[in-house]
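Whatever this is, show me its structure:
(2 chains)
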Amino acid sequence: MPELTDLSLLSVVEALRLGEFSSLELVQASLERIQRLEPSLQAFLTLVPEQALAQARAADRRLVAWRREPAAPLPTLLGVPVAVKDVLCVAGLRCTCGSRILENFIPPFNATAVERLLSAGAIVVGKTNTDEFAMGSSTENSAYFTTHNPWDLERVPGGSSGGSAATVAARALPAALGSDTGGSVRQPASFCGITGLKPTYGRVSRFGLVAYGSSLDVVGAFGRNASDVALMFTLIAGHDPLDATTLDLPVPVIQLNGKVDHNHPLRGLRLGVPEEYFIKGIQTEVEKAVRAAIEILERLGAQVKPISLPHTEYALPVYYLIAPAEASANLARYDGIRYGPRLPGEAMWDIFFNTRGEKFGPEVKRRIMLGTYALSAGYYDAYYGQAQKVRTLIKRDFELAFENVDLIAAPVAPTTAFRIGEHTDDPLAMYLEDIFTLPANLAGVPGLAFPVGFDHQGLPVGMQLMGPHFREDILFQVAHTYQQVTDWHERKPGIFS
Amino acid sequence: MTLTLQEVEHIAQLARLRLTEAEKTHYREQLSAILDHVARLQTLDTSGVLPTSSVLPSRRVLRSDEPHPGMTREDLLRNAPETEQDQFRIPPVFE
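Numbers count the residues shown, from 1 in each chain, chains lettered A, B, ... in the order given. The predicted model follows:
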């Protein structure tokens, strides 16, 4: 029997029902693995082992009762351990957002995505590391520590949801939640060799997700493969009266059949390959692996079409005006009055200046200033106004493309995982890591990242599929089909085995 | 473009951030470099293009105006750095 922590989410769900092992055994195995790896991985900001074990015992009692009398339906994830990125509120658990300004903040409520996982029976074992307020591509902007990539501890796991990606990739937990404002689920999924979904904007409630760029933020999920992530997605998605941007649309039932039963399961699928995503400067091995994966999809029956998304090169400047502008407004609430630490000051204004100046980290201050400038009198039209117009052009690129293709395939990032410290002195170089993930956020379309190979240093390469609004189902079906004929997603980091 | 030190100080004032002299110099360089990069947006002709207000089709979002229980005062004040008589405590705003 393989180690319990090696099992996929779907296998764990089934095995718990069959009684092959107990939730307590599973949660214990996960916690032991986390505690063994944590000194080198540093994926968690908060761990709650005692609480998780108590919940596992309670889940086991329900499972035993259910097996005796299986009439009543059982919550889907009953007894399954998961992790939550530390920008999503879990009632009673410290939520730092990777920031000193929230170092002792204990939310009194659950984020809707968390609430839905908990009602599905999941057990939250801890909160994972993130760049401060999700601003970053490496977790190096966390005020606490940097998470390490399980494939090479000298390298970043990607970010900002790097802690969630690292713990799932290190085979400590079957699934975890993240958030994606400019690539923060897809890029760490790519760097860590796992599968990660950025859903359509408005598909998953943002209630209880600490706001960064509200027109871009979306809650996403990580898993070992497409079918695991699909299960997480169907559990967290759907309308929520507490988030007016969520749409009242049915969440699709995603049926992923195990075996590819004929030679051309993707026949009829039109797959667009945008030339703007294969630019100079992209790592050769990344391009090679992604093109090879596209060939496999073609062999499986997909019709591959070259397409153009002509405004792609403007996504970076548009994003780095809109996201900081929204952040500067969203982060105005951290003033040392209602929560967080308070630095002394004579008048109330001094408290604001002192607390914010001292407790926000360098990248957060940089983005607040950039956003404040872009919104300030005299500059609004030239910066923020123009960015919102160009955003319309980027969105239109996707709309036009989806008139001719069902899906778009592209690399997730121009390189594999970079070294810790490689970009820390040059914010612009760090921002360039996001060039391929930003457009989906600006257009609001869903994106699914999954592994399609390795470079010569043994680092995973990821590909992303992007689809029309609310068509996560096609992304999952195509990725699942690919994963039936490849085994990149089965590889695990050797250093821990 | 290069921001002046005065502009950096003005932005920090608007954003309510106390910055050290070293931070001001540092941010002046970095923000100038970022603004140079985003300046390429000015070269695009966007006449006749509407700004994006939402990536999703606009629709009316209404709910019934009915009172329902909110958070308790205890929950609301639990994270506050200073409280007094069940309220947030702050220094005087007006002398």
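
can we go C-alpha only for contacts and neighbour counts from here?
Will do.

so where do the helices sit in chain B?
B:5-14, B:21-38, B:73-77 (DSSP state H).

now stretch A:170-184: mean pLDDT?
In this model, stretch A:170-184 carries a mean pLDDT of 98.

Kindly apply the preceding question to stretch A:122-131 instead.
98.

Between the two ends of that stretch, how far is it?
25 Å (Cα to Cα, to the nearest Å).

how far does that stretch sit from the chain's center?
12 Å (Cα atoms, centre = their mean, to the nearest Å).

burial of the closest residue to chain B within the stretch 351-497 of chain A, as a residue count?
The minimum distance from the stretch 351-497 of chain A to chain B, using Cα to the nearest Cα, falls at A:Lys389 (4.0 Å). If you count neighbours by other Cα atoms under 10 Å in any protein chain shown, A:Lys389 ends up with 23.

center of chain A - which residue?
In chain A, the residue lying closest to the centroid (Cα atoms, centre = their mean) is A:Val185, at 2.3 Å.

got a list of what that residue touches?
Shown in contact with A:Val185 (Cα atoms under 8 Å, 6 or more residues apart in numbering or on different chains): A:159-161, A:165, A:178-179, A:196-198, A:220-222.

10 Å - rerun?
A:137, A:158-162, A:164-165, A:177-179, A:195-198, A:218-222, A:437, A:447-449 (Cα atoms under 10 Å, 6 or more residues apart in numbering or on different chains).

Could you pull up the contacting residues of the residue of the stretch 351-497 of chain A closest to chain B?
A:318, A:395, B:41, B:44-53.

likewise A:Glu132?
A:Glu132 neighbours (Cα under 10 Å, 6+ apart): A:86-87, A:96-101, A:139-144, A:160, A:360-364.

And the residue of the stretch 151-300 of chain A closest to chain B?
A:Ala244 (6.6 Å).

I'd say that residue and A:Arg206 touch.
Yes - using Cα atoms under 10 Å, A:Ala244 makes contact with A:Arg206 at a distance of 9.3 Å.

So for these two, which sits in the more crowded spot?
Neighbour comparison, A:Ala244 and A:Arg206: the larger count goes to A:Arg206, with 25 against 17 (by other Cα under 10 Å).

So the more buried one, which state does it fall into?
Per DSSP: H, G, I helix; E, B strand; the rest coil, the secondary structure class of A:Arg206 is coil.

so who does it touch?
A:88, A:111-113, A:179, A:214, A:217-219, A:240, A:242-246.

Could you do A:Glu472 as well?
A:Glu472 touches A:197-200, A:203, A:230, A:233-234, A:251-252, A:254, A:445-448, A:465-466, counting by Cα under 10 Å, 6+ apart.

pretty sure A:His311 is in contact with A:Pro439, am I right?
Yes - using Cα under 10 Å, A:His311 is in contact with A:Pro439, at 9.2 Å.

residues shared between the contacts of those two?
A:391, A:394-395, A:397-398.

For the residues you listed, work out which two are farthest apart.
The largest separation in the shared contacts of A:His311 and A:Pro439, counting by Cα to Cα, is between A:Arg391 and A:Phe398 at 11.1 Å.

what is in contact with these two at once?
Joint contacts of A:Arg391 and A:Phe398 (Cα under 10 Å, 6+ apart) are A:311, A:439, A:443.

Mind listing what's buried along stretch A:188-200?
A:188-200 (16 or more other Cα atoms under 10 Å in any protein chain shown).

One more: stretch A:402-417?
A:402, A:405-417.

try stretch A:163-183
A:163-183.

same thing with stretch A:480-497?
For stretch A:480-497, by 16+ other Cα under 10 Å, it's A:480-483, A:488-489, A:492-493.

What of stretch B:48-65?
Those buried within stretch B:48-65 under the rule 16+ other Cα under 10 Å are B:51-52, B:54-56.

between those, which is closest to A:Asn330?
Looking across these and measuring by Cα to Cα, the closest to A:Asn330 is B:Ser54, at 17.3 Å.

picking up where we left off before, just the ones of the buried residues of stretch A:402-417 in strands?
Of these, the ones assigned to strands by DSSP state E are A:407-411.

returning to what we had before: now mean neighbour count, mean pLDDT and distance to chain A too, for the helices of chain B, in CSV please.
Output for the helices of chain B, formatted as CSV (neighbours: other Cα atoms under 10 Å in any protein chain shown; pLDDT from 0 to 100; distance: least, Cα to the nearest Cα, whole Å):
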stretch, mean neighbour count, mean pLDDT, distance to chain A
helix B:5-14, 16, 97, 6
helix B:21-38, 17, 95, 4
helix B:73-77, 14, 93, 6
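
close enough to count as contact, A:Asn263 and A:Glu298?
No - counting by Cα under 10 Å, A:Asn263 does not reach A:Glu298; the two are 11.2 Å apart.

Great, nothing more from me.
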